[in-house]
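Chemist: Quick one, structure for this:
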Amino acid sequence: MNAQTPISPAAIPFAVPTSRWDDAVAAKLSPVELLLYRSNLLGSDLTVTNFGGGNTSAKLIEVDPLSGESVEVLWVKGSGGDIGSMKLDGFATLYQHKLLGLEKHYAGPNDDDKMVGYLPHCTFNLNGRAASIDTPLHSLLPFAHVDHVHPDAIIALAASSGGEAATLKIWGGKIGWLGWKRPGYTLGVQLRDYVAANPQVEGVMLAGHGIICWADSAKACYEHTVQLIADAANYLNGELGDAPAFGGQVVAPNPDRAGIAADLMPRLRGLMTGARRKVGHYSDDAEALEFTGSAEFERLAALGTSCPDHFLRTKIAPLTLDPLRLQDDGYLAEKLADYRAMYAAYYERCKRANSPAIRDPNPVVVLVPGVGRITFSTDKTTARLAGEFYGNAINVMRGAEAIGSYIALDEQEAFDIEYWLLEEAKLQRMPAPKPQVGRIALVTGGAGGIGAATAARLLADGACVVLADRDATAIGEVRAGFAKQFGKDVVRAAVCDVTDEAQVKTAFDLVAREFGGLDILVANAGIASSAPIEETTVALWRKNYDVLAEGYFLTARAAWPLLRRMKEQGGTSVVFIGSKNGVAAAAGASAYASAKAAANHLARCLALEGAPFGIRVNTVNPDAVIKGSRIWDGDWRKERAGAHGIDAGKELEEHYRQRSMLKRDVLPADIAEAVYFLASDASAKSTGNMINVDAGNVQAFTR
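Modeler: Model prediction:
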């Protein structure tokens with residue numbers, strides 16, 4: 001990269017949180033509900049804690065269901081929860097006297113893992129929620145309410161060579177300081193002993209971790225936590241001043257960065273071979289652009305992250321790319337190979353005799369000056385969160401460098417966290433991923449009956465889906481419904497008329513930028529018309545061919561560069577939604593039927609072209625999919641009813657049902673099942689085929 005004179009504006013300031021406690025709400029809550037209220041307030045404010053990070057607790061008096069006696073119970077966030085969204089069942093509940101009694105089993109730091117095994121024996125009321133590794137930090141402190149959070153402003157202090165001095169300056173000794181120690185029972189003992197020896201402290205900074213603090217009530221604890229974070233943010237903002245961060249800007253944000261990301265992500269994804277496909281997430285937020293374009297970017301990026309929560313999401317270090325060489329596939333392949341070799345060497349240097357096997361050596365975080373931050377993982381939510389956590393790490397670096405030097409996790413400590421046997425056990429307990437996790441699909445005509453049903457079938461099994469449709473209102477409504485049903489991370493919508501080349505390109509740029517590439521194309525956008533040949537106008541003829549032949553051509557052509565990238569990962573699938581009329585002649589529908597026949601033959605041609613790249617192309621031929629179909633809601637219903645001399649109401653559905661060999665209705669979900677089969681690995685050795693889903697029509701037999 002060619003360095004330029006620093007020209008960046010002032011550093012991005014730290015957000016300063018304020019109390020959001022509502023006494024009117026709190027007055028109606030029980031003690032345990034107050035703990036949940038406090039936890040949700042803290043966790044839903046990203047200036048206070050990261051997703052899934054931090055933990056809260058309260059020591060409450062409960063009635064023992066076995067003895068009927070009143071006992072002290074520790075309610076503490078359970079393992080793997082998120083305090084911002086958790087419910088009461090997200091808390092582990094443990095007998096406090098049993099927790100305190102565990103110390104007789106503790107002989108020193110080597111017993112940390114052993115002590116975790118005792119926690120289930122302390123469970124209160126048969127609660128199945130597993131206790132977190134941080135439980136001793138809460139149980140061994142003698143306070144009723146305890147918060148442990150790690151917002152950016154706090155970790156910036158905890159991860160800086162000047163952090164301890166800054167802590168003393170900000171709080172004048174009311175907040176203590178403990179050096180780095182991995183989470184576990186030993187840290188809990190050290191914390192308890194430190195607080196006992198320093199009774200004046202109201203909280204303790206845990207180097208590399210965050211802060212832990214306490215109070216006598218839920219409200220006081222919440223407001224104490226928020227105030228400490230505000231104190232840290234205000235101090236760091238004062239230290240940052242008007243000076244640019246990270247040595248100033250040497251690479252300005254590229255005005256075409258979104259387009260660059262859309263081009264780059266599928267090429268990177270195709271090169272990240274491994275056990276499972278990746279899904280990407282792109283961000284060009286202010287933090288990413290400030291950091292990647294700075295003079296100190298390469299130095300700081302190589303250090304990796306500091307807080308364990310950040311590290312577990314982002315790996316030992318990011319991959320950095322030269323923005324001037326992004327068009328060179330050889331360069332990208334070399335950089336990825338170098339990263340995998342670096343990761344393997346790190347594993348070999350640091351592994352223990354009982355370490356789990358090496359995990360996926362591909363990078364999670366990819367940083368490009370002027371473009372931003374790209375993250376890859378096996379699912380979209382994890383990729384997005386990894387990006388957000390690296391954004392937190394950037395903020396930490398900015399603050400840490402403002403008061404000293406940024407300190408990353410020691411390599412061996414980082415490895416011992418990443419390959420911790422307890423962490424491995426947690427991973428092994430997770431359910432197997434759904435079969436389409438890691439797959440990315442684009443469905444044209446996504447707001448219609450068949451398109452929406454197909455998208456729902458793919459989403460239900462874990463795929464990410466872009467819905468493309470020319471009806472902006474309808475596609476927005478379908479996307480919103482799917483976002484509510486399957487989660488907003490996995491579904492996007494593009495307004496796309498498949499006859500418009502520019503709109504088609506925009507839709508495929510969207511799928512590349514939002515998810516990182518494409519594995520499945522379902523070409524479904526369609527129209528239908530019925531008219532005798534003498535009444536078929538040139539305009540009607542061209543309209544059918546524009547949508548059903550050229551539209552399929554344009555979408556397949558736009559998809560091709562994305563699909564061929566995945567050859568080494570098992571290949572990809574294109575499914576055309578054809579029609580019974582594409583193989584069986586239909587009187588009074590020559591424009592529609594012949595256009596469908598053209599699309600069917602296009603699919604066979606593409607099957608020949610795609611095979612060397614692992615691209616399978618198949619066709620599903622529906623017939624009379626009336627219920628849930630937008631096409632049948634229009635003139636097509638009247639036209640086909642008229643052609644058969646029957647009423648366009650229920651009589652039409654009965655006509656088609658009785659015409660079929662099986663005497664059954666064909667529904668959008670039936671077509672979706674056939675599409676799913678052809679899109680999945682179950683049909684990995686099928687290409688150039690047609691599947692009829694028509695309840696049986698002898699005229700449409702393909703043999």
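
Chemist: contacts, neighbours, all on C-alpha from now
Modeler: Will do.

Chemist: Show me where the stretch 1-150 of the chain has its strands.
Modeler: 55-63, 70-77, 91-95, 145-149 (DSSP state E, counting those that start in this stretch).

Chemist: what number of residues lie near residue 169?
Modeler: 11 (other CA atoms under 10 Å).

Chemist: my bad, should have said residue 514
Modeler: By other CA under 10 Å, 24 other residues sit near residue 514.

Chemist: So what's the predicted local confidence for it?
Modeler: Residue 514 is assigned 98 on the pLDDT scale.

Chemist: continuing past the strand or helix carrying residue 454, what's the next helix or strand?
Modeler: Using DSSP states H and E, residue 454 falls within helix 449-460. Note on helix 449-460: by DSSP H and E, the next helix or strand toward the C-terminus is strand 464-469.

Chemist: Residue 573 is in contact with residue 613, correct?
Modeler: No - the pair residue 613 / residue 573 is not scored as a contact, 10.8 Å apart, by CA atoms under 8 Å.

Chemist: These two: who's more crowded?
Modeler: residue 573 (27 against 17).

Chemist: Which positions in the host helix or strand of the more buried one come out as buried?
Modeler: With elements taken from DSSP H and E, the one containing residue 573 is strand 572-577. Within strand 572-577, the residues scored as buried using 16 or more other CA atoms under 10 Å are 572-577.

Chemist: tell me what that strand is packed against?
Modeler: strand 520-523, helix 551-563, helix 590-610, strand 615-622, helix 668-679 (3 or more CA pairs under 8 Å, 6 or more residues apart in numbering; DSSP states H and E).

Chemist: rerun at 10 Å
Modeler: strand 440-444, strand 520-523, helix 551-563, helix 590-610, strand 615-622, helix 668-679, strand 690-693 (3 or more CA pairs under 10 Å, 6 or more residues apart in numbering; DSSP states H and E).

Chemist: before we move on, back to that, can you add mean pLDDT, mean neighbour count and distance to residue 134 and give the strands of the stretch 1-150 of the chain back as a markdown table?
Modeler: Shown next, in a markdown table, are the strands of the stretch 1-150 of the chain (pLDDT from 0 to 100; neighbours: other CA atoms under 10 Å; distance: least, CA to CA, whole Å):
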| stretch | mean pLDDT | mean neighbour count | distance to residue 134 |
| --- | --- | --- | --- |
| strand 55-63 | 97 | 23 | 8 |
| strand 70-77 | 98 | 23 | 9 |
| strand 91-95 | 98 | 26 | 12 |
| strand 145-149 | 97 | 26 | 9 |
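
Chemist: Go through these and name the closest to residue 212.
Modeler: strand 145-149 (4.3 Å; CA to CA).

Chemist: partner strands of the closest one, parallel or antiparallel?
Modeler: Note on strand 145-149: by DSSP bridges, its sheet partners are strand 55-63 (antiparallel), strand 210-215 (antiparallel).

Chemist: Could the C-alpha coordinates of the first one be exported in CSV?
Modeler: The one in question is strand 55-63. The C-alpha atoms that make up strand 55-63 are tabulated as CSV, following Å, rounded to 0.1, in the frame of the first residue of the first chain:
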residue,chain,number,x,y,z
ASN,A,55,-23.1,-11.8,33.8
THR,A,56,-25.3,-10.6,36.7
SER,A,57,-26.3,-12.2,39.9
ALA,A,58,-28.4,-11.8,43.1
LYS,A,59,-28.3,-13.7,46.3
LEU,A,60,-32.0,-14.3,47.2
ILE,A,61,-33.9,-16.1,50.0
GLU,A,62,-35.9,-19.0,48.6
VAL,A,63,-37.9,-21.8,50.1
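
Chemist: tell me the angle of it relative to strand 91-95?
Modeler: 50 degrees (axes from the mean of the first three to the mean of the last three CA atoms, to 10 degrees).

Chemist: Now do strand 55-63 against strand 70-77, angle only.
Modeler: Angle of strand 55-63 versus strand 70-77, following the same axes, to 10 degrees, is 160 degrees.

Chemist: From the chain's centroid, how far away is strand 55-63?
Modeler: Distance of strand 55-63 from its chain centroid, counting by CA atoms, centre = their mean, to the nearest Å, is 33 Å.

Chemist: now stretch 680-692
Modeler: With CA atoms, centre = their mean as the basis, the mean position of stretch 680-692 lies at 29 Å from the chain mean.

Chemist: quick one on the thing from earlier: tabulate the helices and strands packed on strand 572-577 (CSV), appending distance to residue 388, mean pLDDT and mean neighbour count.
Modeler: CSV is the format used below for these (distance: least, CA to CA, whole Å; pLDDT from 0 to 100; neighbours: other CA atoms under 10 Å):
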stretch, distance to residue 388, mean pLDDT, mean neighbour count
strand 440-444, 21, 98, 29
strand 520-523, 27, 98, 28
helix 551-563, 26, 98, 22
helix 590-610, 37, 96, 22
strand 615-622, 34, 96, 26
helix 668-679, 31, 96, 21
strand 690-693, 43, 94, 21
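
Chemist: can I get those in a markdown table with distance to residue 414?
Modeler: Putting the helices and strands packed on strand 572-577 into a markdown table (distance: least, CA to CA, whole Å) gives the following:
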| stretch | distance to residue 414 |
| --- | --- |
| strand 440-444 | 32 |
| strand 520-523 | 37 |
| helix 551-563 | 36 |
| helix 590-610 | 44 |
| strand 615-622 | 40 |
| helix 668-679 | 40 |
| strand 690-693 | 52 |
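
Chemist: For residue 263, which of those is the nearest?
Modeler: That would be helix 551-563 among those, by CA to CA, at 9.1 Å.

Chemist: which helices and strands sit right next to that closest one?
Modeler: helix 257-271, strand 440-444, helix 501-515, strand 520-523, helix 538-545, strand 572-577, helix 590-610, strand 615-622.

Chemist: and residue 415, which of these is closest to it?
Modeler: Using CA to CA, the helices and strands packed on helix 551-563 put helix 257-271 closest to residue 415, at 25.2 Å.

Chemist: Surely residue 697 and residue 584 touch.
Modeler: Yes - using CA atoms under 10 Å, residue 697 is in contact with residue 584, at 9.1 Å.

Chemist: Is it possible to get CSV of the strands paired with strand 145-149 that adds distance to residue 176?
Modeler: Conversion of the strands paired with strand 145-149 to CSV gives the following (distance: least, CA to CA, whole Å):
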stretch, distance to residue 176
strand 55-63, 19
strand 210-215, 9
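
Chemist: ok, and for stretch 97-110, which residues are buried?
Modeler: Result for stretch 97-110 [16+ other CA under 10 Å]: buried residues 98-99, 102.

Chemist: one step back: mind putting the helices and strands packed on helix 551-563 into CSV with distance to residue 241?
Modeler: Shown next, in CSV, are the helices and strands packed on helix 551-563 (distance: least, CA to CA, whole Å):
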stretch, distance to residue 241
helix 257-271, 29
strand 440-444, 44
helix 501-515, 35
strand 520-523, 50
helix 538-545, 62
strand 572-577, 52
helix 590-610, 57
strand 615-622, 55
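
Chemist: Of the ones you listed, which is nearest residue 247?
Modeler: Closest of the helices and strands packed on helix 551-563 to residue 247 is helix 257-271, at 22.4 Å (criterion: CA to CA).

Chemist: Skipping its backbone neighbours, what lies nearest residue 304 in space?
Modeler: Spatial nearest neighbour of residue 304, chain neighbours left out: residue 317 (4.4 Å); criterion: CA to CA, 6 or more residues apart in numbering.

Chemist: related to what we said a few turns ago, so which of the buried residues of stretch 97-110 would you say is closest to residue 525?
Modeler: Using CA to CA, the buried residues of stretch 97-110 come closest to residue 525 at residue 99, 61.7 Å.
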